[in-house]
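> My questions concern the predicted model and sequence given below.
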Amino acid sequence: MPVTRMSAAVIIVAAKTTKYSATAESLSAHEAPEWFRDAKFGIFIHWGPYSIPAFAPKHSQIDQLVTSDERHGFSNTPYAAWYQNTMLFEESPTAAYHRETFGEDYSYDNFGQAFNDALEGWDPVSWARLFKSSGARYVVLVTKHHDGFALWPSDVPNPNKPGWHTTRDVVGELAEAVRAEGLKFGVYYSGGVDWTFKHKRIESFVDFMTSMPGDAEGYSDYANAQYEELIERYQPDYLWNDIAYPHAQDSFDIIAKYYNTVPEGLTNDRWITPDGQLPEGAFDKPEGLTGLLPPMPQVWDTRTPEYGMFDRILPFLWETTRGMGHSFAYNRNETEEDYISRDGIVAMLARSACFNGNVLLNVGPRGDTIIPPGQAARLEAVGEWLKTAGVAVQDTRSVQLAERDVDGIAIGATRNGNNVYIHLFGVPAGKAITVGLPDDLNDVITAQQIGGELTEWSVDDGKLTVSVPDWADTAVQVLALELSA
């Protein structure tokens, strides 16, 4: 049964005073905090032992996994963080690379030691400064991916692979560095998959789900204890679970502890459990969706489409996530031409802001701790764009327009108080456009083109008409309107 969710106005007060219980009803009263609604832009980081070989076929797209030939999809996944699974397919490009580069009998475990050796030269402060300059307002670090390697010196012993963690406290050091720059810090944890507890070669989505460890493997208590450690030690601003979780009640216990520890925190929608109840519409794909969308659990604050987004305002918050290229973790086969462009990123940011979403853009550092120059350059370019256009994206809320496009160019709108911003996702063919305005936006007293000029503007019969000498940007045009108080 769906649970009624509280209004934003109520939750701001409730977040500071409510003691949450470990039930779906109590936890569903929580909503994403205002800082998340304001931020619009976050940085994801996939970095671990898989960053040492850093290999995946670059020609594959993630949506090729959703085909009838699932085995081919999993053996050729573009996700480099899946190296440990992909190398098990004897015919795969990854297996061939592993044999030729490291040898037939070279264990994946060796990459853990190599990763720890490389950490001696890691500078978290330089990363944090780059993220700050990008205009992002929060950072989410993968603290444990499917290979089970923890990026902090956990006191929770792994019974199957002792010492399978970093020697430096990557989680703590990065948290301190990004918070020193005024950014929020979140943690990703692969709650549904851990190959140190259960790993047969995953060839299909059925294999993927049946590979989830649980009580029989001793995993449930282990994951619960690691989550408790992450919450107590680092008090993350965002708890980003991946795939699923072994037990519904355990997930409720963790989220309740988290909300009560970090009242202004939030969690995502990847907490589906084998023994949990599915809410109505758990597997629905809302209209306007592109990319992959995980099934909806009972408790969540934001939806997380992967390599996709929505093209309309829906009654929930969402956060699109993707890598710079086709992989989240660094893939040595990808070049700058494979990375999303500056224009692609800023268009995502503007579209997401107009349609109630955020962008969580992944950075994949190399195994030697260096963020690839092509990825760093894109972050810097986005930061420059946000210096000019950020006022129309961050700290705003979505506005519903009657029209979806103007002269073949998709449009959207945002608002912050008496300031309204019309976004055009492209470059119009002509130098004049007309956009219909909602009834409550007709009292316009000034208009301008952000980053450019207007030749003239007018509002007549609920329609805004503007003329420009030139459009200001190669990806997104923004018209700023000031309304009377």
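Good, I have the coordinates.
> didn't residue 478 look like it was pressed against residue 350?
Yes. Using CB atoms under 8 Å, residue 478 and residue 350 qualify as a contacting pair, with a distance of 7.4 Å. C-betas here are computed from N, CA, C, even on glycine.
> Which one's more surrounded, the two?
For the pair residue 478 and residue 350, the greater number of neighbours falls to residue 350 (27 against 23), based on other CB atoms under 10 Å.
> So for stretch 232-249, first residue to last residue, what's the gap.
Start-to-end span of stretch 232-249 (CA to CA, to the nearest Å) is 19 Å.
> Buried ones in it, by neighbour count?
For stretch 232-249, a neighbour-count test (16 or more other CB atoms under 10 Å) marks 233-234, 236-248 as buried.
> hang on, the earlier thing: can you check which residues contact both of residue 478 and residue 350?
389, 392, 423 (CB atoms under 8 Å, 6 or more residues apart in numbering).
> Switch these over to a markdown table, and while doing so, append pLDDT and secondary structure to every line.
Converted to a markdown table, the shared contacts of residue 478 and residue 350 look like this (pLDDT from 0 to 100; DSSP: H, G, I helix; E, B strand; the rest coil):
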| residue | pLDDT | secondary structure |
| --- | --- | --- |
| 389 | 98 | helix |
| 392 | 98 | helix |
| 423 | 98 | strand |
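> so who does residue 217 touch?
Residue 217 neighbours (CB under 8 Å, 6+ apart): 197-198.
> pLDDT score for it?
As predicted, residue 217 sits at a pLDDT of 97.
> Pop out the phi and psi values for it.
Main-chain torsions, residue 217, degrees, to the nearest 10: phi -90, psi 0.
> Give me the contacts around stretch 448-468.
Outside stretch 448-468, the residues that touch it by CB under 8 Å, 6+ apart are 388-389, 391-392, 421-422, 431-437, 439, 442, 444, 447, 469-473, 477-481.
> Would you indicate which residues of that stretch are buried?
Buried residues in stretch 448-468 (16+ other CB under 10 Å): 449-450, 452, 457, 459, 464, 466, 468.
> count of neighbours near residue 206?
Residues lying near residue 206 (other CB under 10 Å) number 10.
> Give me the three-state assignment for it.
Secondary structure for residue 206, judged by DSSP: H, G, I helix; E, B strand; the rest coil, is helix.
> and it, what is it in contact with?
Residue 206 sits next to no residue when contact means CB under 8 Å, 6+ apart.
> swap in the one 3 residues further on?
Residues in contact with residue 209, defined by CB under 8 Å, 6+ apart, are residue 244.
> isn't there a helix covering it?
Yes. The assignment for residue 209, made by three-state DSSP, places it in a helix.
> Quick check, pLDDT for it.
The per-residue pLDDT reported for residue 209 equals 83.
> How much space separates it from residue 295?
According to CB to CB, to the nearest Å, residue 209 stands 11 Å off from residue 295.
> In space, what's closest to residue 158 - neighbours in sequence excluded?
In space, and not counting its chain neighbours, residue 158 is closest to residue 164: 5.2 Å by CB to CB, 6 or more residues apart in numbering.
> Now do the helices in the stretch 201-350 of the chain.
Along the stretch 201-350 of the chain, counting by DSSP state H, counting those that start in this stretch, helices occupy 205-210, 219-234, 248-261, 342-354.
> most tightly surrounded among those helices?
Burial of the helices of the stretch 201-350 of the chain is given as mean neighbour count (mean count of other CB atoms under 10 Å); helix 342-354 ranks first at a mean of 22.
> Could you identify the helix or strand that succeeds that helix?
Counting by DSSP states H and E, the next helix or strand C-terminal to helix 342-354 is strand 357-363.
> how near is the residue lying closest to residue 253 once chain neighbours are set aside to residue 134?
Nearest residue to residue 253, sequence neighbours excluded (CB to CB, 6+ apart): residue 22, at 4.7 Å. Taking CB to CB as the measure, residue 22 falls 37 Å from residue 134.
> likewise residue 424?
Remark: distance between residue 424 and residue 134 (CB to CB) = 23 Å.
> Where do the strands of the stretch 51-200 of the chain begin and end?
Here the stretch 51-200 of the chain has its strands, by DSSP state E, counting those that start in this stretch, at 138-144, 184-190.
> Among the ones you listed, which comes closest to residue 75?
For residue 75, the closest of these is strand 184-190, at 20.5 Å, according to CB to CB.
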